[in-house]
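>>> okay, structure incoming, though there's no sequence with it:
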C-alpha cells in the first residue's frame, strides 16, 4: 500500500524536482492500470502531474499505450500536455486517437496551443478535426493556420479582452469579474474602435489603481511594440527580449487586433530557434528529434556529410599536388594535419560567434567592418603565438630549424585565413538570403583545409 501511495503522488519540490517517469515502478504502474482498464487508478496516478510531466510519461510509455491512456482518462486528460511532446510522438498519438476524442480535448485549449497541435497534421486529418468544431472555433483556428509557418499569427492567442474607449474602469472591472470564457491569463485590456483597430492598452495594475468612473480612453497607452501577424516569430522574440515585454498585441494588415502574444509563447520560440541554430552548426536538420525514425535521420544528415566529403576530396587533391615533397620528407606528412586542424578549430570558433551574432542581429552592416578587423587581428595574434610554440616543438622533435620556420609561417597564414573565412562566409551567405547556420560549415572547412595544406606544403616545396 505504501508503494502505491508513492507512485500515485510523486515527490515534488526543489529536492525532488525530477521526472516522475524516472521514478522506479512509476511507468510500470501506469502500464498496469492501462492494461486493466482501471480508470480510477489512472486518475489517482496522473491527475496531480504537471502537463510537462504528463508529456514525459507519454514518451516513456510503449507506443500502443499512449492513446489508450488518453482515451481512458477522457475529459480528465489535459491536451496541453501534447504541446510538450516531440512532433513525431504527438502526430502518432493524434493519428491513433478517434476524431471525437481530439475534438473534445481541443475545445478546452487556448487557441495558440490548438494551432500548435493541428499544424503538424496532414491536411486531411486537419480538416476532419476542424469540420467537427463549431463555426466560431473553426474560424478562429483556420485564420491562425492560414498565416505562414513560424509567424506571429501562428503563435498568437486569439482569446483576449478588447473594449471600446468609452467604457469606464468600473464597467471593465465588473465585466472581467462576471463574464465567463475570458482568457485564463492576461496582463492588459486592449482598447479598440468600432472596426477593431487598436488604440492601445491599459495594463491591469493601472486599471486597478484608477477610479471606477474614469473612461478607458483617458488612461489608454498607445502600444509602441505592435506585432504584425505575418512577422517572423524570431524577429518578434527579439523584440520581446530587447524591450522586456510580457505581452504584445498582434494586428492584421488593416491594423485590426487579431490576437496577443505572451512571454510564455516567446520562451518556446527562443528555445526552438536556439536549438535549430545549434543543430544546423552541427550539420543536423533543425526539426530532427530523438523520436524520429532511422530513415528520416539518415536522409536528413546525408546531404551535410556529402558536402563534407566533397570538401575532403578537394583537400586531398591539394595534398596530391605535393606528392613528391611528401615522399622526400616524411616529417611533412606527420606535421601537416596539425596546421589544418588548428585552422579548422579557429574557424569554427569565429563562425559560431558570427552565426549567432547574425541570428540575434547584433552583427549588422554598420559594425561588420570593425568585427572583421577584430577577428583578423585575433587570428593573426593566435597564429603568431602558436607558430612560436610549434617552431620550438618541431625543432626539438626533428632537429630541423628550417622545418620549424615553415610550419610557423603556415600556421600564421592558416589562422588568419580561418578568422576571415569564419566571419566572411556567414556574412556572405546571410547577404545571399541563405541560412549561414546551415551552409557555413562545409565552406569554412574547405577553406581551412585547402589553405592550411597549400600554405604548409607550398612553403616547404619552395624552402627545401
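Ah, there it is. Keep in mind that what you see is a predicted model, and the values were worked out from it rather than measured.
>>> I'd like the next helix or strand past the helix or strand containing residue 117.
Using DSSP states H and E, residue 117 sits within helix 111-118. Per DSSP H and E, the first helix or strand lying C-terminal to helix 111-118 is helix 123-131.
>>> contacts for that next one?
94-95, 99, 102-103, 106, 118-119, 121, 138, 141-142, 145 (CB atoms under 8 Å, 6 or more residues apart in numbering). For every residue, glycine as well, the C-beta is placed using N, CA and C.
>>> which of those fall in helices?
Judged by DSSP state H, those include 94-95, 99, 102-103, 106, 118, 138, 141-142, 145 as members of helices.
>>> make a PyMOL selection of the buried ones in those residues.
The buried subset of these, as determined by 16 or more other CB atoms under 10 Å, is captured in PyMOL by this line:
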select buried, resi 94+102+103+106+118+141+145
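>>> assign residue 213 to helix, strand or coil.
Secondary structure assignment for residue 213 (DSSP: H, G, I helix; E, B strand; the rest coil): coil.
>>> quick one: it from residue 204, how far?
Distance of residue 213 to residue 204, given as CB to CB, to the nearest Å: 18 Å.
>>> and these two? Which one has more around it.
Neighbour totals were compared for residue 213 and residue 204, and residue 204 leads with 15 against 9 (other CB atoms under 10 Å).
>>> pLDDT at that one, what is it?
In the prediction, the pLDDT value recorded for residue 204 is 94.
>>> cool, and residue 286?
On pLDDT, residue 286 comes in at 54.
>>> how far away from the center of its chain is the longest helix seen in the chain?
Longest helix of the chain, by residue count under DSSP H: helix 365-398. Its chain's average C-alpha position is 33 Å from that of helix 365-398, according to CA atoms, centre = their mean, to the nearest Å.
>>> next SSE after it?
Heading C-terminal from helix 365-398 (DSSP H and E), you reach helix 401-431.
>>> and that following helix, how far out from the chain middle?
Mean-position distance between helix 401-431 and its chain equals 31 Å (CA atoms, centre = their mean).
>>> same question for stretch 96-103.
Going by CA atoms, centre = their mean, where stretch 96-103 is centred and where its chain is centred differ by 29 Å.
>>> rounded mean pLDDT for that stretch, please.
For stretch 96-103, mean pLDDT rounds to 92.
>>> which pLDDT value goes with residue 443?
On the pLDDT scale, residue 443 is placed at 83.
>>> what about it, which helix or strand?
Using DSSP H and E, residue 443 falls within helix 436-463.
>>> that helix vs helix 401-431, what angle?
Here helix 436-463 points in a direction 150 degrees away from that of helix 401-431 (axes from the mean of the first three to the mean of the last three CA atoms, to 10 degrees).
>>> for helix 436-463, which positions count as buried?
Buried, per 16+ other CB under 10 Å, within helix 436-463: 436-461.
>>> quickly find the element holding residue 273.
Judged by DSSP H and E, residue 273 forms part of helix 263-281.
>>> that helix: how far from the chain's middle?
Remark: helix 263-281 is offset 2 Å from the chain centroid, using CA atoms, centre = their mean.
>>> quick check: domain ranges of the protein?
2-147, 162-281, 294-463 (automatic domain parsing).
>>> most packed of those?
domain 294-463 (a mean of 18; mean count of other CB atoms under 10 Å).
>>> rounded mean pLDDT for the helix holding residue 117, please.
90.
>>> what packs against that helix?
Counting contacts by 3 or more CB pairs under 8 Å, 6 or more residues apart in numbering; DSSP states H and E, helix 111-118 packs against helix 99-106, helix 123-131, helix 135-145, helix 152-155.
>>> include distance to residue 32 when you put the ones you listed into CSV, please.
As requested, those are exported to CSV (distance: least, CB to CB, whole Å):
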stretch, distance to residue 32
helix 99-106, 22
helix 123-131, 31
helix 135-145, 37
helix 152-155, 39
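>>> which residues of the stretch 1-150 of the chain score low on pLDDT?
1-19, 21 (pLDDT under 70).
>>> repeat that for 50
1-16 (pLDDT under 50).
>>> that's a strand at residue 189, yeah?
Yes - according to three-state DSSP, the state of residue 189 is that of a strand.
>>> check the gap between the most centrally placed residue in the chain and residue 238 for me.
For the chain, the residue nearest the mean C-alpha position is residue 272 (1.5 Å; CA atoms, centre = their mean). Separation of residue 272 from residue 238 (CB to CB) stands at 14 Å.
>>> residue 139 too?
Residue 139 is 31 Å from residue 238, by CB to CB.
>>> residue 118 now?
Residue 118 sits 26 Å away from residue 238, taking CB to CB as the criterion.
>>> now residue 313
40 Å.
>>> again with residue 116
Taken as CB to CB, the span from residue 116 to residue 238 is 21 Å.
>>> and if you look at residue 48?
Distance from residue 48 to residue 238, counting by CB to CB: 37 Å.
>>> then residue 406?
To residue 238, residue 406 is 47 Å away according to CB to CB.
>>> how about residue 361, nearest residue that isn't a chain neighbour?
Once flanking residues are discounted, residue 361 sits nearest to residue 238: 6.3 Å by CB to CB, 6 or more residues apart in numbering.
>>> which element follows the helix or strand hosting the one you found toward the C-terminus?
When secondary structure is defined by DSSP H and E, residue 238 falls within helix 233-243. Next in sequence after helix 233-243, counting helices and strands by DSSP H and E, comes strand 247-251.
>>> mind listing residues that contact that next one?
By CB under 8 Å, 6+ apart, the residues outside strand 247-251 that reach it are 152-153, 156, 160, 186-188, 190, 198, 201, 223, 225-229, 236, 239-240, 257-263.
>>> that strand - what's its average pLDDT?
Averaged across strand 247-251, pLDDT comes to 95.
>>> same thing with stretch 162-171?
Taken as a whole, stretch 162-171 carries a mean pLDDT of 96.
>>> quick one: contacts of that stretch?
Residues outside stretch 162-171 that contact it (CB under 8 Å, 6+ apart) are 172, 175, 189-194, 196, 199, 207, 210-217, 219-220, 257.
>>> cutoff 10 Å now
Under the contact criterion CB atoms under 10 Å, 6 or more residues apart in numbering, stretch 162-171 has outside partners 172, 174-176, 189-194, 196, 198-202, 206-220, 249, 257, 260.
>>> show me how far the helix or strand hosting residue 35 is from its chain's centre.
Here residue 35, judged by DSSP H and E, is contained in helix 26-36. Chain-centre distance of helix 26-36: 34 Å, with CA atoms, centre = their mean.
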